[in-house]
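1. What follows is a predicted protein model with its sequence.
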2 protein chains.
Amino acid sequence: MPHLRTLCVYFLVALSPVMTNTTEDLDVLVFLPQNNSYLFSYERVAPAIRYAQKRLKADGGRYSGFNFNIQFENSDCLYDAFFTLADRSCGQKPDLILGPVCEYEAAAVVRLASHWNIPVISAGALATGFANKNKEYSHLTRIAPPYVKMAETFTAMFEHFSWKSALLVFEDDREQRNCYFTLEGVYHLMSNYNIESYVLTDDKPLDTDELLRSINDMEVVIMCMGAEKIREIMLAAHKRQMTTGKCIFFNVELFNSSSYGNGSWKRGDEYDNDARQAYAALNTVTLLRTVKPEFENFSLEMKMPFEKVGLHDCNDCENVNMFVEGFHDALLLYTIALHEAMKNGYSKKNGTEITSRMWNRTFEGIAGQVSIDANGDRNGDFSLMTMINVEAGTYEVVANYFGVNGTFQLLPAFNTEHFTLKGGDKDHPEKTDKSDTPC
Amino acid sequence: MPHLRTLCVYFLVALSPVMTNTTEDLDVLVFLPQNNSYLFSYERVAPAIRYAQKRLKADGGRYSGFNFNIQFENSDCLYDAFFTLADRSCGQKPDLILGPVCEYEAAAVVRLASHWNIPVISAGALATGFANKNKEYSHLTRIAPPYVKMAETFTAMFEHFSWKSALLVFEDDREQRNCYFTLEGVYHLMSNYNIESYVLTDDKPLDTDELLRSINDMEVVIMCMGAEKIREIMLAAHKRQMTTGKCIFFNVELFNSSSYGNGSWKRGDEYDNDARQAYAALNTVTLLRTVKPEFENFSLEMKMPFEKVGLHDCNDCENVNMFVEGFHDALLLYTIALHEAMKNGYSKKNGTEITSRMWNRTFEGIAGQVSIDANGDRNGDFSLMTMINVEAGTYEVVANYFGVNGTFQLLPAFNTEHFTLKGGDKDHPEKTDKSDTPC
């Protein structure tokens, strides 16, 4: 009997297209917005997926038996992707789904795909709810670090600096809700700390006086919102002398690299000088960017299509963002896992098996090492930037957080003083500072 | 040309099964929980649908050409119903969907059904979001009054009594979220008033002191939560002398008729006496119940299956609730609209046409007149109950609100004094009452 089983496995393996070099056709359904206003629109991301497809075909023949039939469908960040998928229950189910990015649309698609045993890889679906892979999101692999991974950077800092409390300030558009989901990650992970929230909505526009009052005794303020509002808050805080170290300000800006760092305070208006000084107290948490030689070539190739289609009003097109990079690596990861699954006798239709082989795996992505944790979510590396020259208003990365091993690495430019709480009655409980400035 | 069109219509009408008395088979997919713990579980509601089916067949032959093939599928208030529907895109799409009731599950089902042009009628899906019928919920008809219709009872009272402010106190289970959605209706409709919220969650259990403090200067407190917590709050309010008319207390209890009215304060414990007195200040908003002769027979028939299946632990089984009644009337409404549509030459597959003929229509339901507004949502009639004999602790309906014409009708037992705010600095701005009891 053991012999028979061995024999069966042998035949399965021998007959698989991977081993006999016959071809395997794979239907990939990709959901990206045709609307160019997204960082993950079709025009930006599709070239990266095609680049990966080309490389896999050429890559020494190991994966050359796989023929990817890639079909791009619109994601409108509402229901387009979901309807497209639902209409395919009649024998047209794809073997792999890439995207969507937007949270609510992704939820519906992933739920149905998981029910149909189809693997989904997205560089989005970053909200904390997707971490529950027990049932409805069982087939989702997140190729970009979810928000809760970013939040680890804050727990590492809170531990390092012995901070105890934070006010989360964010804009909630009630539609895509990126900032809501971003700081939800922090809220979720930091339940042991004293965390309060201050939410801006359409009904409740920014009132800097009220906001600064709500800071109260909070040590840390973590913000997620548009660059203009961040500037307005920092200017108001500076005016009230709240930028002198009585509390520590952060903004979280993960994707839009053009809106943070050097010159982010600058508008060419009368407030530039004040803003520059105010921003000396503003620290930014962002994705860690790595560079390796292959990435340079990839970056160059990614820029060409933008020039061709003429995305002239695109602020950030010169950068390969997390989504572009992620969807490239998604096809790579799937291929590695599928190859391994088929070598072990499983078919391309066994979504559970292929998904499980994508999890708990580290591989070389286009920009560097990609590590997927045991729950199918990418570990994240993040950078902490601060202004290092107040005269010039220039920023530098002063620390990095590495998710794979949870280390918080201080760089030479790091200045402990900058992150030390000053004054108030928090450091010195014996003193009672009853001035009317909070923090 | 007009002649030709008339002729075509004539033939269409002549050939329709309604007119020629040939049969039309109709696939109805019903989503109800097999789990008996719901007020709208299969065991409770299915007999009402079968009762309607039988009556329609026997009803003078007008609808006897319709053969309903009714298939019951499970609703687990998560994704079961949605998956069942999604698996049917291959030519097995039903002609009509009844249910689901639970909000999140209904959202997914209605979205897909609307995309597939299938009418959905539910006695649930009561949340305010479903009122947006422009796109994703275009094919939904709500046969029970949504929460925002109940909220009209409050706007009518606020207008009648010139109240200005309310604190909404509710329990949010973060799962089915019935109380959240119930008071969301109030919040949504009363945006012109001063409305604040106090939410109880698993993380934030009831702290009566804190809650009573949050009442502050609010004139009205509107509560939605379990009967035990309501009692705890009323006892605490009574102890702090807040039940003497300084603010007006309401609880909203729409479906569970056993948990309000006479004896709702009674537990057989040492607090019964205090609770009875406290409840003299507690008013309840509930569904208006009507009785007509046919309804008695229906009620009797509805009880039999419960006895058969032995729902012994069922508190409320002797009452035909809103869901049982609603799903009965749903089949009736669909039949009327379908009959009319087919008479005008439309096919059973024209979900848009059939749906539009269910809207803006008044018909005779099993318990009385049913009026569906122009947006496909049932107008609601609600009753206001108060304790009318504090010695005996007995309740009576003192006013009714009729949604179809927006009238607030006072009944003989109504006592204006009971709803008049007393004391505090609200009625008499010249006085300043600085005692530490809020309201």
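-> Ah, there it is. As the structure is a computational prediction, the values presented were derived from the model and not from experiment. Numbers count the residues shown, from 1 in each chain, chains lettered A, B, ... in the order given.

2. Next up, phi/psi of A:Gln409, please.
-> phi -100, psi 120 (degrees, to the nearest 10).

3. Touching, it and A:Val397? I think so.
-> No: if you go by Cβ atoms under 8 Å, A:Gln409 and A:Val397 don't touch, sitting 10.2 Å apart. Using the backbone N, CA and C atoms, a C-beta is placed for each residue, glycine as well.

4. Which of these two has more residues huddled nearby?
-> A:Val397 (19 against 13; other Cβ atoms under 10 Å in any protein chain shown).

5. count of neighbours near the nearest residue to the more buried one once chain neighbours are set aside?
-> For A:Val397, ignoring the flanking residues on the chain, the nearest one in space by Cβ to Cβ, 6 or more residues apart in numbering or on different chains is A:Ser383 at 4.5 Å. As a burial measure, A:Ser383 scores 20 neighbours (other Cβ under 10 Å).

6. who does A:Ser383 bridge with?
-> A:Thr286, A:Asn400 (DSSP bridges).

7. quick one: it from A:Gly406, how far?
-> Relative to A:Gly406, A:Ser383 is positioned 16 Å away (Cβ to Cβ, to the nearest Å).

8. cool, A:Glu396 as well?
-> On the measure of Cβ to Cβ, A:Glu396 and A:Gly406 end up 23 Å apart.

9. More neighbours: these two, which one.
-> A:Glu396 (16 against 11).

10. Now do the contacts for the more buried one.
-> Shown in contact with A:Glu396 (Cβ atoms under 8 Å, 6 or more residues apart in numbering or on different chains): A:Met385, A:Thr386, A:Ile388, A:Ala413.

11. Buried among these? Need that as a selection in PyMOL.
-> Buried members of these, defined by 16 or more other Cβ atoms under 10 Å in any protein chain shown, are picked up in PyMOL with:
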select buried, chain A and resi 385+386+388
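
12. What residues does the closest residue in space to A:Leu26 that isn't next to it in sequence make contact with?
-> Among residues not flanking A:Leu26 along the chain, A:Asp95 sits closest, at 4.8 Å (Cβ to Cβ, 6+ apart). Applying Cβ under 8 Å, 6+ apart to A:Asp95 gives the contacts A:Leu26, A:Asp27, A:Val28, A:Ile118, A:Pro119, A:Lys348, A:Lys349.

13. Chain A against chain B: which residues are in contact?
-> A:78-79, A:82-83, A:86-91, A:108, A:111-112, A:115, A:136 (Cβ under 8 Å from any Cβ of the partner chain).

14. Which two of these have the greatest separation?
-> Longest distance between any two of the residues of chain A next to chain B is 26.6 Å, between A:Leu78 and A:Gly91; criterion Cβ to Cβ.

15. neighbour-wise, which of those two wins?
-> A:Leu78 (16 against 6).

16. in a helix, that's where the more buried one is, yeah?
-> No: assessed with DSSP: H, G, I helix; E, B strand; the rest coil, A:Leu78 is coil; it does not lie in a helix.

17. Pretty sure it sits against A:Glu105.
-> Yes: contact criterion Cβ under 8 Å: A:Leu78 and A:Glu105 qualify, at 6.3 Å.

18. Could you pull out the helices in the stretch 251-400 of chain A for me?
-> Listed in chain order, the helices of the stretch 251-400 of chain A (DSSP state H, counting those that start in this stretch) span A:272-279, A:293-309, A:322-343, A:351-358.

19. Of those, which is nearest A:Tyr63?
-> helix A:322-343 (5.2 Å).

20. And that closest one, what's buried?
-> Neighbour counts using 16+ other Cβ under 10 Å place A:322-342 of helix A:322-343 among the buried residues.

21. taking the mean pLDDT, what do you get for that helix?
-> The average pLDDT for helix A:322-343 rounds to 96.

22. thinking again about what came up before, want to throw the contacts of A:Glu396 into a markdown table with pLDDT?
-> Below are the contacts of A:Glu396 laid out as a markdown table (pLDDT from 0 to 100):
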| residue | pLDDT |
| --- | --- |
| A:Met385 | 94 |
| A:Thr386 | 95 |
| A:Ile388 | 93 |
| A:Ala413 | 93 |
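
23. For A:His188, state which of the contacts of A:Glu396 is nearest.
-> In terms of Cβ to Cβ, no member of the contacts of A:Glu396 lies closer to A:His188 than A:Met385, at 24.0 Å.

24. Could you double-check that that closest one sits in contact with A:Gly261?
-> Yes: taking Cβ under 8 Å as the definition, A:Met385 is a contact partner of A:Gly261 at 5.9 Å.

25. Find residues that contact each of these two.
-> A:Thr284, A:Tyr395.

26. now stretch A:90-100: mean pLDDT?
-> 92.

27. Show me where the stretch 201-350 of chain A dips below the pLDDT cut-off.
-> For the stretch 201-350 of chain A, applying pLDDT under 70 flags the ranges A:256-260, A:305-318.

28. Any buried residues in the host helix or strand of A:Glu152, and which?
-> Taking DSSP states H and E as the criterion, A:Glu152 maps to helix A:147-161. By 16+ other Cβ under 10 Å, the buried positions in helix A:147-161 come out as A:Tyr147, A:Val148, A:Lys149, A:Met150, A:Ala151, A:Glu152, A:Thr153, A:Phe154, A:Thr155, A:Ala156, A:Met157, A:Phe158.

29. do stretch A:367-377 as well
-> A:Ala367, A:Gly368, A:Val370, A:Ser371, A:Ile372, A:Asp373, A:Gly376, A:Asp377.

30. just those now: which is nearest A:Arg142?
-> A:Asp377 (4.6 Å).

31. contacting residues around the closest one?
-> When contacts are counted by Cβ under 8 Å, 6+ apart, A:Asp377 touches A:Ala131, A:Thr141, A:Arg142, A:Pro145, A:Pro146, A:Lys149.

32. residue of the stretch 251-400 of chain A with the smallest distance to chain B?
-> A:Gly351 (15.1 Å; Cβ to the nearest Cβ).

33. neighbours around that residue, how many?
-> A:Gly351: 23 neighbours (other Cβ under 10 Å).

34. Tell me who's in contact with it.
-> A:Ala113, A:Trp116, A:Asn117, A:Ile118, A:Pro119, A:His139.

35. Nearest to chain B among these?
-> Using Cβ to the nearest Cβ, these come closest to chain B at A:Trp116, 8.2 Å.

36. residues near the nearest residue to that closest one once chain neighbours are set aside, how many?
-> Distances taken as Cβ to Cβ, 6+ apart put A:Lys93 closest to A:Trp116, at 5.8 Å, once the chain neighbours are dropped. Per other Cβ under 10 Å, the neighbour tally for A:Lys93 reads 18.

37. A:Lys93: which element?
-> With DSSP H and E as the test, A:Lys93 turns up in no helix or strand.

38. residue contacts, it?
-> The contact partners of A:Lys93, taken as Cβ under 8 Å, 6+ apart, are A:Asp27, A:Trp116, A:Ile118.
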